[in-house]
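Asks: Give me coordinates for this.
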Amino acid sequence: MQALVSIHDVMPNTLGRVQDLLVHMAHLEKPNISLLVVPGLDWRAEQLAVLRNLQNEGYTLAGHGWEHTTRQVIGVYHKLHSALISRHAAEHLSLSTAEIRKLINDCYQWFQGHALKTPDMYVPPAWAMGSISKQDLSDSPFQYFETMVGIYDSDSDKQVALPLIGFEADNAFRYGSLKLWNAFNKKIGTPAKPTRVSIHPYDGALLLRKSLFKTLGQVKSAVDYHSLF
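Replies: Below you'll find the model as predicted:
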């Protein structure tokens, strides 16, 4: 199985769990494993050093929002999204277009300001981009953007739709729905459109942990998202 592999929610308090998960991916190509970093938190010097070491080892860092928490849940769509998918993680959905643009720019500049190589990929928390146009994305410092549908290249205005699986099942509803969702999306993945394996730091302790580690064992090659374009 070929897959795009990413670990979400890389935060000061999740670094240990992220490193534990990487042990299970030692057979995969490090540059093709994306670590989605949430910059707007209380990063200490020693934690930033861990990020630099991971980047120096070859792992790819990506921007992942700012604080990864929404100011407030407003509007019907956001309320449904919060109830079914994101809870309070989809911070873009509570922001205006101007605020989203600023958040994305601040995210990019944070890497510059902390002696980290600047990423070209941005993934909004819970894959929810919010009220922002393609032109805004093109004008941003990031080139690639991942949403629920797939990955978008703002330079070429091309989007590749890709199947997606996840393992963040902390209750019976999420366990059942994700199990069905993952089975379907594994089947429709192809070499041209590989399945995205999206992992969260606590997945190894949740209800789908056996499925997570089985899936990681089935992934024989991690795909570089640049190659899709």
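Asks: Following element in sequence after the lowest-mean-pLDDT helix or strand in the chain, please.
Replies: In the chain, no helix or strand scores lower on mean pLDDT, DSSP states H and E than helix 76-81, which sits at a mean of 54. Counting by DSSP states H and E, the next helix or strand C-terminal to helix 76-81 is helix 97-113.
Asks: Quick one: mean pLDDT over that next one.
Replies: Averaged over helix 97-113, pLDDT sits at 97.
Asks: what's the helix or strand following that helix in contact with?
Replies: Next along the chain after helix 97-113, taking DSSP H and E as the criterion, comes strand 121-122. With C-beta atoms under 8 Å, 6 or more residues apart in numbering as the contact definition, strand 121-122 has outside contacts at 34, 60, 62-64, 104, 107-108, 140, 142-146, 225. C-betas here are computed from N, CA, C, even on glycine.
Asks: list the helices and strands the next helix or strand after strand 121-122 packs on?
Replies: Once the chain leaves strand 121-122, the next helix or strand it forms, by DSSP H and E, is helix 134-139. Under the contact criterion of 3 or more C-beta pairs under 8 Å, 6 or more residues apart in numbering; DSSP states H and E, helix 134-139 touches helix 97-113.
Asks: how about 10 Å then?
Replies: Judged by 3 or more C-beta pairs under 10 Å, 6 or more residues apart in numbering; DSSP states H and E, helix 134-139 is in contact with helix 97-113, strand 144-146, strand 150-153.
Asks: Return it as PDB; C-alpha atoms alone will do.
Replies: Taking C-alpha atoms only, helix 134-139 is exported to PDB below (Å, rounded to 0.1, in the frame of the first residue of the first chain):
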ATOM      1  CA  LYS A 134      -8.300  30.700  -4.400                       C
ATOM      2  CA  GLN A 135      -6.800  34.100  -5.100                       C
ATOM      3  CA  ASP A 136      -6.100  34.500  -1.400                       C
ATOM      4  CA  LEU A 137      -4.400  31.100  -1.300                       C
ATOM      5  CA  SER A 138      -2.400  32.000  -4.300                       C
ATOM      6  CA  ASP A 139      -1.300  35.200  -2.600                       C
END
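Asks: What residues sit buried inside that helix?
Replies: Buried residues in helix 134-139, counted by 16 or more other C-beta atoms under 10 Å: 136-137.
Asks: still on that earlier bit, quick one, which of the contacts of strand 121-122 are buried?
Replies: 34, 60, 62-64, 104, 107-108, 140, 142-146, 225.
Asks: Between these, which sits nearest F167?
Replies: S34 (16.1 Å; C-beta to C-beta).
Asks: Extract the C-alpha set from stretch 113-121 and format it as CSV.
Replies: Taking Å, rounded to 0.1, in the frame of the first residue of the first chain, the C-alpha atoms of stretch 113-121 are listed here in CSV:
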residue,chain,number,x,y,z
GLY,A,113,11.2,33.4,13.2
HIS,A,114,12.2,30.1,14.9
ALA,A,115,15.1,29.0,12.7
LEU,A,116,13.0,26.3,11.0
LYS,A,117,12.9,25.7,7.2
THR,A,118,9.7,27.3,6.0
PRO,A,119,7.1,24.8,4.8
ASP,A,120,5.2,24.9,1.5
MET,A,121,2.2,22.9,2.8
